[in-house]
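Engineer: Can you look at this prediction? I've put the sequence above it.
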Amino acid sequence: MATRAVITLPAAIKAGVAFEVRATVAHAMETGYRTSDAGARLPRDIVRRFECRLDGDIVFAADLFAAISANPYLAFWLRAAQSGELSFSWRGDNGFEHRETRPLTIA
Amino acid sequence: MRAASLLLLALALAANADERRSGRDTMSVALRALQADDVQHPAQLALALGREQWSAGAKSCASCHGEPDALRGAATRYPAWDRGQSSFLDLPGRIQRCRVRHQQQPAWAPEAEPLLALAALVAQQSRGLPLQPPRGPELDAAAKRGERLYTTRIGALNLSCAQCHDERAGLRLGGSLIPQGHVDDYPVYRLEWQSLGSLQRRLRGCLSGVRAKVWAWDSAELLALEVWLSRRSAGMAMQPPGVRP
Amino acid sequence: MKRREFIVAASVFAALPEAQASDEAMRAAIRAWAGGEPPPGLLKIDIAELVENGNAVPVRVAAHEPVAGLALFTPLNPEPEVVHVTLGAASARPEFSTRMRLARSQRIVAVAQTADGRCWQAGVDVIVTLAACVEP
């Protein structure tokens, strides 16, 4: 099973203190403006939506467009009062879908 | 007397100062930061794939080598001469040789994703170490051939590597700064490729850039050039995987 | 990931005549997201002034007060939208970072929107140098 996403969280998270989340998913983000050597246009194929949820509630979401680089990288800051579960989901063209979860452990 | 001789020594050292500059140091601050931050590094997915690949299968890399860091220093000693097969091997070539001979798996296509991922993982273990390409009669001969290729004008643009990367390094070609062309950070994530790539890929790109015949993967010419280039960069600290524009 | 056999243009946005956004297209996209024409306001846009390759340009957008949404737009990429971000209640800072594609030198625009519907925008000029040595 090939690694399809990398998520970085700090090792120690304190209650109520801001911490940075960084998430990258493997995806070529084909813009739809490139052509193959045969001259055919390579169709658009991008990730469209990213959501990060804390215990089910959206804490950060992004609608992505073709101007986001390959292997879309997003970084944002969260704050939590108690431990829980972070879930990450990506959805895109041609049925692309990927999910990850990480425990959120308050030190 | 002692002060005078120390001063002379300092002057002598300054006169022989290493004028080599890694492509890292001539990049923009933003790209240098991308390469230096493991979390933001564009090759982090490939490295994660490399770690998976390392432990995959019955005869995994791990089954012989243990942890990846057991190979610290290995990447500094390429290209090498494989006496048994009478051929030169760069790092991806060495990994392919392992795959075929010891893992009994078919060789990957050039620049295959798992191959580059493993090359990035293995090379990364030598981060900070100086390049120490090996010597020997075959390698010495290849280095001479490589140096000759490096200084020969080729292609419709009639340019030699040396004309850009020795004589005009630091000047601009279009909007881009011409680097010295050192091989300290391979494999590199080249933004132009939007992926990791090997030194051979970069060399083939240069060849087509000057409208020259593009030598085949693992050709004698490309390997000779790699041997020469590793000696040209010998002693410089590696920081693979690199990021380049 | 892209296959090796495909020869691709040096830039991901090969210059195709019909694929060119414009100031007007960008303003329309901003209006669509913000619900109106946002007045100029304070936003921090961290991005290199001079970019060596437009395929992956790190960018950070930060407001100075809590916001519900942040968005990025370009006037001279083939399309004006880059990303629309929604910040939930657990957001600790009104900011995000990403890596974007820039087809050419232009002034990128960030827009913020608060929970009570206030909007404002700010822009920053970025120069993109193009690769001199084009490889297949």
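Structural biologist: Good, I have the coordinates. Numbering: from 1, shown residues only, chains lettered A, B, ... in the order given.
Engineer: tell me which parts of chain B are close to chain C?
Structural biologist: Within chain B, the positions adjacent to chain C are B:27-31, B:33-34, B:40, B:42, B:109-111, B:113, B:173-177, B:191-192, B:194-195, B:204-206, B:208-210, B:245 by C-beta under 8 Å from any C-beta of the partner chain. To be clear about C-beta, it is placed using only N, CA and C from the backbone, and glycine gets the same treatment.
Engineer: Close to chain A as well: tell me which of these qualify.
Structural biologist: Subset of the residues of chain B next to chain C in contact with chain A: B:40, B:42, B:194-195, counting by C-beta under 8 Å from any C-beta.
Engineer: Please determine how far A:Gly16 is located from A:Ala75.
Structural biologist: Distance of A:Gly16 to A:Ala75, given as C-beta to C-beta, to the nearest Å: 20 Å.
Engineer: So the two - more neighbours on which side?
Structural biologist: Taking other C-beta atoms under 10 Å in any protein chain shown, A:Gly16 and A:Ala75 do not tie; A:Ala75 has more neighbours (20 against 11).
Engineer: Other residues contacting the helix or strand bottoming out on mean pLDDT in chain C?
Structural biologist: In chain C, no helix or strand scores lower on mean pLDDT, DSSP states H and E than strand C:50-51, which sits at a mean of 90. By C-beta atoms under 8 Å, 6 or more residues apart in numbering or on different chains, the residues outside strand C:50-51 that reach it are B:28, B:30, C:57, C:102, C:126-129.
Engineer: Figure out how far it is from the centre of its chain.
Structural biologist: Distance of strand C:50-51 from its chain centroid, counting by C-alpha atoms, centre = their mean, to the nearest Å, is 15 Å.
Engineer: what lines up beside that strand in the sheet?
Structural biologist: Note on strand C:50-51: by DSSP bridges, its sheet partners are strand C:119-128 (parallel).
Engineer: now the partner strand: mean pLDDT?
Structural biologist: For strand C:119-128, the mean pLDDT works out to 96.
Engineer: Ok, stretch B:187-202 next?
Structural biologist: For stretch B:187-202, mean pLDDT rounds to 95.
Engineer: Which residues does it contact?
Structural biologist: Stretch B:187-202 has contacts (C-beta under 8 Å, 6+ apart) with A:28, A:69-70, B:31, B:41-43, B:46, B:90, B:92, B:110-111, B:116-117, B:119-120, B:123, B:183, B:186, B:217-218, B:222, B:226, B:229, B:240-245, C:1-2, C:10, C:12, C:52-53, C:55-56, C:131, C:135.
Engineer: Most proximal residue of chain A with respect to chain B?
Structural biologist: Proximity to chain B, evaluated over chain A using C-beta to the nearest C-beta, is greatest for A:Thr3 at 3.8 Å.
Engineer: In three-state terms, label that residue for me.
Structural biologist: Recorded secondary structure, A:Thr3: coil (DSSP: H, G, I helix; E, B strand; the rest coil).
Engineer: So it versus B:Ala46, what's the distance?
Structural biologist: Distance from A:Thr3 to B:Ala46, counting by C-beta to C-beta: 9 Å.
Engineer: Give me the more crowded residue out of these two.
Structural biologist: Comparing A:Thr3 with B:Ala46 by other C-beta under 10 Å, the one with more neighbours is B:Ala46, at 28 against 17.
Engineer: export the contacts of strand C:50-51 to TSV and tack on neighbour count?
Structural biologist: Formatted as TSV, the contacts of strand C:50-51 follow (neighbours: other C-beta atoms under 10 Å in any protein chain shown):
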residue	neighbour count
B:Ser28	17
B:Ala30	19
C:Val57	23
C:Leu102	26
C:Val126	22
C:Ile127	13
C:Val128	21
C:Thr129	19
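Engineer: Which one of the residues you listed is nearest to B:Asp82?
Structural biologist: Nearest to B:Asp82 out of the contacts of strand C:50-51 is B:Ser28 (C-beta to C-beta; 39.0 Å).
Engineer: Would you mind confirming that the closest one makes contact with C:Asn53?
Structural biologist: No. Checked against C-beta atoms under 8 Å, the pair B:Ser28 and C:Asn53 is beyond contact range at 9.5 Å.
Engineer: Find residues that contact each of the two.
Structural biologist: The contact sets of B:Ser28 and C:Asn53 overlap at B:Pro245 (C-beta under 8 Å, 6+ apart).
Engineer: Check the secondary structure at the residue of chain B found nearest chain A for me.
Structural biologist: Nearest residue of chain B to chain A: B:Ala48, at 3.8 Å (C-beta to the nearest C-beta). Following three-state DSSP, the label given to B:Ala48 is helix.
Engineer: quick one: the helices in chain B?
Structural biologist: For chain B, applying DSSP state H gives helices covering B:2-15, B:29-36, B:44-54, B:61-65, B:91-101, B:113-124, B:137-150, B:161-162, B:199-209, B:220-232.
Engineer: which residues in the chain form strands?
Structural biologist: No chain was given, so I picked chain A. Applying DSSP state E to chain A gives strands spanning A:5-8, A:19-25, A:47-54, A:57-64, A:73-78, A:84-92, A:96-104.
Engineer: Hmm, no, I was thinking of chain C.
Structural biologist: C:44-47, C:50-51, C:57-62, C:69-73, C:81-87, C:91-100, C:106-113, C:119-128.
Engineer: mind giving me CSV with the ones you listed and columns for distance to B:Cys98?
Structural biologist: Formatted as CSV, those follow (distance: least, C-beta to C-beta, whole Å):
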stretch, distance to B:Cys98
strand C:44-47, 43
strand C:50-51, 39
strand C:57-62, 36
strand C:69-73, 45
strand C:81-87, 42
strand C:91-100, 34
strand C:106-113, 46
strand C:119-128, 41
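Engineer: Compare the mean pLDDT across these and name the weakest.
Structural biologist: The minimum mean pLDDT among those belongs to strand C:50-51 (a mean of 90).
Engineer: wouldn't C:Leu72 be in contact with C:Ala110 here?
Structural biologist: Yes. At 5.4 Å, C:Leu72 and C:Ala110 qualify as touching, with contact defined as C-beta under 8 Å.
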